[in-house]
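K.L.:
Here you go, sequence then predicted model.
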Amino acid sequence: MCGIVGVVGAPSSGDLGEVILSALERLEYRGYDSAGIALVDSLGEVYRERRADRRASVAELRSLDLPSASVGIGHVRWATHGRPTVENAHPLVDCSGQLAVVHNGIIENHLELAEALACRGHRFRSETDTEVIAHLVEEGLAEGVDLLGAVRQALGVLQGAFALAVMAACAPDRLVAARRVSPLLVGLGDGVGVVGSDVAALIGETRDLAVVEDDQVVEVRAGSLRALDAAGVPVTLAPLRVDWDLAAAKRSGFPDFMSKEIAEQPEAVRQTLLGRALPDGRLRLDEMRLADAELREVDKVIIVACGSSFHAGMVAKYAIEHRARLPVEVDIASEFRYRDPIVDSRTLVVGVSQSGETIDTLQALRAARTWGARVLVISNVVDSSMAREADAVLYTHAGPEIGVAATKTFLAQVVAMELLGLYLAEVRGILFPTELEEPLARLAGLPGIVGEAVERSVEVAKVADALAASRDFFFIGRHVGYPVALEGALKLKEISYLRAEGFPAGELKHGPLALLDEGSVVVAVATRSRLWEKVVANIAEVKARGARVVGVVNDGDERTAELVDHVLSVPRTAPLLTPAVDVVPLQLLAYHLAKRRGLDVDRPRNLAKTVTVE
Ligand code: G6P
């Protein structure tokens with residue numbers, strides 16, 4: 001999704017324009033269709049440059065000789081309204097060109113606003129929904145209202161979701177930022193005030209950050225923040241806890257973020273497990289605003305999530321039903337609130353989201369809350385929107401994930417699901433604290449096992465070489481191997497653009513088998529589970545139809561290895577933890593196939609890391 005940044009003042013770390021470009025580099029994972037920067041220069045004029053070269057927009061801006069400036073804003077775009085062209089790139093300006101705005105989100109009533117503004121003589125120069133904001137603020141300034149007041153007036157007529165930052169030549173000592181739904185942070189650093197979409201953008205300047213809530217508007221100056229709520233009443237912003245440092249958001253010698261993040265998986269698992277067991281044997285979540293008695297009343301769990309987080313949510317169904325004996329439904333977040341789900345105060349709705357900002361999941365959780373449900377969130381970002389609104393939070397401490405395709409956060413989520421299953425079992429009296437020892441010991445051994453799987457990258461690369469000419473991939477698995485198959489297929493689609501579908505292995509014969517021919521590749525999750533023999537039978541079915549089979553096979557399992565054409569070997573682990581191990585070679589397979597195709601594994605076409613529009 002789009003990323004915004006704004007800086008005002010005199011940064012100690014370099015020229016203001018350079019500081020903005022550095023922040024944009026760290027935001028590039030959010031959007032990279034195009035990028036732009038606007039500054040109020042020392043002559044008091046707005047300077048603006050934009051580029052729409054998908055691969056290199058920010059790098060191209062870097063090559064410019066930027067003027068020194070007192071305030072500036074920058075943007076990386078993931079197009080929603082209007083093609084990814086220079087004309088549609090942000091910052092967008094008003095008629096005078098002396099007021100500029102950057103925006104993340106969608107202004108839903110932009111067509112009617114644009115029509116009314118055009119009737120009043122405004123001239124539009126882009127196809128974006130964002131440009132109306134610039135013209136609305138322009139009108140406020142023309143009436144003699146200050147920048148903060150003019151932005152507030154504009155907010156009064158905007159519908160939709162947004163995080164925005166506005167600057168104007170007539171107010172060179174400030175920025176005004178506002179939020180409705182889309183995430184926004186502000187902060188004060190050494191000599192500067194800053195605004196940005198996420199921590200990654202701003203940690204270069206400061207860790208002293210605060211969260212802007214819905215319908216708040218903030219005037220940011222070097223050394224001061226002034227925040228108002230929708231009624232114009234001054235408010236104190238909630239400070240944000242920042243648990244990442246700048247180094248974590250850099251590639252650190254790896255060729256790309258994806259390979260770095262795959263290599264970090266053992267550590268992501270270790271960090272997520274850290275400090276979970278209390279001395280009395282009980283388990284600990286990060287934030288718990290629900291009494292044990294409330295959790296004992298829960299009679300149903302509904303998990304809502306998108307993308308890879310949805311696949312981790314599918315694993316949770318197995319973990320929670322097995323451990324806590326509670327019925328679990330798993331729902332795609334964008335579908336959940338548009339059906340008529342049966343939710344009441346005895347329902348625990350669990351939102352799973354790496355970012356904690358995905359709008360579909362956030363809105364699903366908000367709907368669940370209005371229906372009376374208790375809400376628990378599993379998020380990788382401390383103090384994310386979802387985390388702040390939840391009754392309980394379990395953080396996956398995987399560290400920042402920059403590659404668009406989720407890797408280490410998926411593993412951390414699988415671990416979190418097992419912890420949640422155990423936690424609910426314990427609170428509900430199904431497991432005694434002493435009975436937790438064995439599953440916790442298995443979890444403690446997981447980072448080492450994941451480490452072994454990660455180290456087999458060269459082996460997987462050889463399989464990728466053998467499959468380099470293949471175009472059609474089917475991923476199959478059973479039980480918790482099914483979500484692994486879905487996740488493996490998703491990785492391959494996302495970064496290699498190859499046709500890849502995941503199926504429960506038993507479903508093949510009900511349709512997908514018709515698609516198989518000599519050119520097809522079937523990737524079977526065939527590790528030794530309760531259903532291993534059935535998966536083996538499914539492998540025989542697809543081999544009989546001429547498909548080539550790649551098997552994810554446990555170390556030492558010669559029998560399965562002999563059945564398949566290519567082996568991706570993995571160490572063995574406890575059944576409910578296998579997704580965290582078996583998915584690793586599938587991530588690596590997608591990675592190596594994409595690399596062979598010369599693709600940008602960190603920034604796949606058409607995709608964004610965090611989707612903050614519906
Ligand atoms: C986007 C990303 C996916 C991710 C999904 C959910 O589509 O490209 O990698 O799984 O959003 O994101 P979340 O932050 O809610 O886990």
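P.N.:
Structure received. Numbering: from 1, shown residues only.
K.L.:
from here on, contacts and neighbour counts on C-alpha atoms
P.N.:
Noted.
K.L.:
Can you pull the phi/psi pair for residue 99?
P.N.:
Phi and psi for residue 99, reported as degrees, to the nearest 10, are phi -130, psi 130.
K.L.:
Now it. Nearest residue, chain neighbours left out?
P.N.:
residue 168 (4.2 Å; Cα to Cα, 6 or more residues apart in numbering).
K.L.:
Surely that neighbour touches residue 98?
P.N.:
Yes: using Cα atoms under 8 Å, residue 168 is in contact with residue 98, at 5.8 Å.
K.L.:
got any residues that touch both of these two?
P.N.:
residue 46 (Cα atoms under 8 Å, 6 or more residues apart in numbering).
K.L.:
If you count surrounding residues, which of the two has more?
P.N.:
residue 168 (30 against 21; other Cα atoms under 10 Å).
K.L.:
give me phi/psi at the more buried one?
P.N.:
Residue torsions, per degrees, to the nearest 10, at residue 168 are phi -140, psi 150.
K.L.:
mind checking how far it is from residue 93?
P.N.:
The spacing between residue 168 and residue 93, counted by Cα to Cα, to the nearest Å, is 9 Å.
K.L.:
Next, show the common contact partners of those two.
P.N.:
With Cα under 8 Å, 6+ apart as the test, residue 168 and residue 93 both reach 99-100.
K.L.:
Can you name the next helix or strand after the helix or strand bottoming out on mean pLDDT in the chain?
P.N.:
Sorting the helices and strands of the chain by mean pLDDT, DSSP states H and E puts strand 287-288 at the bottom, at a mean of 84. Next helix or strand after strand 287-288 toward the C-terminus (DSSP states H and E): helix 292-297.
K.L.:
now residue 567: how far from the ligand?
P.N.:
Taken as Cα to the nearest ligand atom, to the nearest Å, the spacing of residue 567 relative to the ligand amounts to 26 Å.
K.L.:
So that residue lies in a strand, does it not?
P.N.:
Yes: assessed by DSSP: H, G, I helix; E, B strand; the rest coil, residue 567 belongs to a strand.
K.L.:
contacting residues around it?
P.N.:
Here residue 567 is in contact with 463, 550-553, 561 (Cα under 8 Å, 6+ apart).
K.L.:
of those, buried ones?
P.N.:
463, 550-553, 561 (16 or more other Cα atoms under 10 Å).
K.L.:
Let's see which of those end up in helices.
P.N.:
463, 561 (DSSP state H).
K.L.:
The ligand: which of the buried ones among the contacts of residue 567 is nearest?
P.N.:
Proximity of the buried ones among the contacts of residue 567 to the ligand (Cα to the nearest ligand atom) peaks at residue 552, which lies at 22.4 Å.
K.L.:
So the closest one is in contact with residue 572, correct?
P.N.:
No: using Cα under 8 Å, residue 552 makes no contact with residue 572, being 11.0 Å away.
K.L.:
For the stretch 201-350 of the chain, just list every one of the strands.
P.N.:
209-211, 216-221, 224-228, 234-235, 238-240, 287-288, 300-305, 328-332, 347-353 (DSSP state E, counting those that start in this stretch).
K.L.:
Of the ones you listed, which shows the lowest average pLDDT?
P.N.:
In terms of mean pLDDT, the lowest-scoring of the strands of the stretch 201-350 of the chain is strand 287-288 (a mean of 84).
K.L.:
Identify the residues contacting that one?
P.N.:
Residues from elsewhere that reach strand 287-288, judged by Cα under 8 Å, 6+ apart: 391-394.
K.L.:
give me the subset of the residues you listed touching the ligand.
P.N.:
Contacts with the ligand are made by none of the contacts of strand 287-288, judged by Cα under 6 Å from any ligand atom.
K.L.:
Give me the subset of those residues lying in strands.
P.N.:
Counted as lying in strands by DSSP state E, out of the contacts of strand 287-288, are 392-394.
K.L.:
With respect to residue 244, which of those is nearest?
P.N.:
Checking the ones in strands among the contacts of strand 287-288 against residue 244 with Cα to Cα, the nearest one is residue 394 at 17.1 Å.
K.L.:
Residue 70: neighbour count?
P.N.:
When neighbours are counted by other Cα under 10 Å, residue 70 registers 25.
K.L.:
next one: residue 337
P.N.:
Count around residue 337 with other Cα under 10 Å applied: 19.
K.L.:
Repeat that for residue 291.
P.N.:
For residue 291, the count of nearby residues is 10 (other Cα under 10 Å).
K.L.:
what does the protein put close to the ligand?
P.N.:
For the chain, the contact set with the ligand under Cα under 6 Å from any ligand atom comprises 306-309, 353-356, 358, 404-406, 607-611.
K.L.:
Please repeat the previous calculation with a cut-off of 8 Å.
P.N.:
Within the chain, the residues that sit near the ligand (Cα under 8 Å from any ligand atom) are 305-310, 352-359, 361, 379, 404-406, 494, 607-611.
K.L.:
on that earlier part again, and the strands of the stretch 201-350 of the chain, which is most packed in?
P.N.:
With neighbours taken as mean count of other Cα atoms under 10 Å, the strands of the stretch 201-350 of the chain reach their highest mean count in strand 347-353, at a mean of 28.
K.L.:
Indicate each strand paired with that strand and its parallel or antiparallel sense.
P.N.:
strand 300-305 (parallel), strand 374-379 (parallel) (DSSP bridges).
K.L.:
Reformat the ones you listed as CSV; add distance to residue 72.
P.N.:
Output for those, formatted as CSV (distance: least, Cα to Cα, whole Å):
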stretch, distance to residue 72
strand 300-305, 36
strand 374-379, 31
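K.L.:
nearest to residue 279, of these?
P.N.:
The nearest among the strands paired with strand 347-353, by Cα to Cα, is strand 374-379 at 23.5 Å.
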